Structures are given as C-alpha cells and as structure tokens.
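Student: would you be able to build a 3D model of this:
(one chain, ligands or ions: 1)
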Amino acid sequence: MSRLLALCLAGLVACANVPDYDDPRLIPDDDGGGDVVTCTNLLVNGAFDTTPVGWTFNPGDIVKDERQLPTDHPFYASSGDYFAWFGGSYNQTKIASQKITVPNTAKLKLTGKYFVAAVTTAGNMEDTVKLEIVDDAGKLLTFVTGFSNLDSVSETATFLWKDLHTEIPSQPFATKAVTFRITSVNDAMNNTNFLFDSLELKPTGCL
Ligand SMILES: [Ca+2]
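Tutor: Got it, this is the predicted structure:
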C-alpha cells in the first residue's frame, strides 16, 4: 500500500482523489494499446465442450466426441470429451468461425493445443489449415497461424497434443467486432488431419 494511501486511511490526509497504486488495474499497460483490459477468452467455447456452441461449423461434424471414436483410435480430447478435427477427408474445405469483439489492446495471444498428422510429410504442401481474423465481408485482417502436411511428423506418429502459442497485432481492429476463422483445405490425395482443442484468444498484458 502506498504511503499516501496509508495516511489517507489513517485519517491524516484527505482521501479525495488518492489513487490506490497497489491496485494493478490502475497501472497503465505498456503495449500501447490503451487501457488495461481483462483476460476474458474472446472465443466462446474454445474448448469445443460446452454450450452455447459459439462457433458456426461447415460442415457440421467438425467437433468430435472422443468417446465415440473407435477404441483403437489414437486421438483424444485435450480438455473435456470434445475436440475439433479439421482435414481428415479428401477434396474438402472445413470452416469454423465465430464473431469476436476485440478490446482496446495492441496485441492478442492465441494459446491452446494442436496436432497435425499427414500421409505426406515432405515434398509439396498439399493440405493446409489457416487461423485468421477477417472482417464482415470475409476480407483478411490478420493471419494468426497455420499449418500444413509438412508440419506433421507422420500419420502414424504417436499422438500427442502440442502447445499452440502465437501473438498477433490487433490495434487495426481493436474495439471492433470481427470474425475468428479456422479453415482447412484438403486436396484429392494424401489425407492430412489438423486437430485443435482448448483454444484461448486473449489480450496480451491483460489482468
Ligand atoms: Ca475439448
């Protein structure tokens, strides 16, 4: 507690307009993004386990229940029973998106879990997944992160969730409603699976 505040509380000085600098919410952030913001996950149901669903899925079967997979299947959820499975088929685009409102912050960080398993792990980039922030018209505002079949160890490698952690500048669309979108595109051969779970999109430097 500051000396001034202590004196104020002790009745030795006037308390009017005395900020409590021990309150971290009163300390300006240093990321140039304006006021300190809270650490609320901007994504609804980033773990794919709850309702409201939050996401719009196309096709509608992107979220998988680990309990419904064959017992000899290696994949499982990182949190709860459900996870998102992009790719996994031929000649198909899969999209999950949801509207978010970005607070007044200079940067956002995306954390969570991912895994890539591909038939073809070298040579050409055949299948991709992109995580992006787009505007109402679908125009790209910021590329967040992405993976391809070349990011896989192999389709038969031991399944193990990997940590996802990336930061992106958000000042151009701070305080605006935008869309967070995940898009996988698989071509006609050599299947690739892109798995995600436990996604959190939060301001950096938040409290
Ligand atoms: Ca989950």
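
Student: where does the protein dip in pLDDT?
Tutor: Scanning the chain for pLDDT under 70 picks out the ranges 1-35.

Student: which residue ranges of it form strands?
Tutor: Using DSSP state E, the strands of the chain run over 56-58, 63-65, 82-87, 92-101, 107-118, 128-134, 140-148, 162-169, 177-186, 192-203.

Student: tell me how many other residues surround the closest residue to residue 90 other than its chain neighbours.
Tutor: The shortest distance from residue 90 to any residue that is not its chain neighbour, by Cβ to Cβ, 6 or more residues apart in numbering, is 5.5 Å, and that residue is residue 188. Heads up, the C-betas are built off the backbone N, CA and C, glycines and all. The local packing of residue 188 (other Cβ atoms under 10 Å) involves 8 other residues.

Student: roughly how far does residue 203 sit from the ion?
Tutor: 23 Å (Cβ to the ion, to the nearest Å).

Student: begin at 9 from now on, thanks
Tutor: Yes, from this point I'll number from 9; that puts the last item at residue 211.

Student: for the closest residue to residue 173 other than its chain neighbours, give me its contacts.
Tutor: Leaving out its chain neighbours, the residue that sits closest to residue 173 by Cβ to Cβ, 6+ apart is residue 119, at 5.2 Å. When contacts are counted by Cβ atoms under 8 Å, 6 or more residues apart in numbering, residue 119 is found next to 171-173, 206-208, 210.

Student: pick the one among the residues you listed closest to the ion.
Tutor: The shortest gap between the ion and any of the contacts of residue 119 belongs to residue 206, at 5.9 Å (Cβ to the ion).
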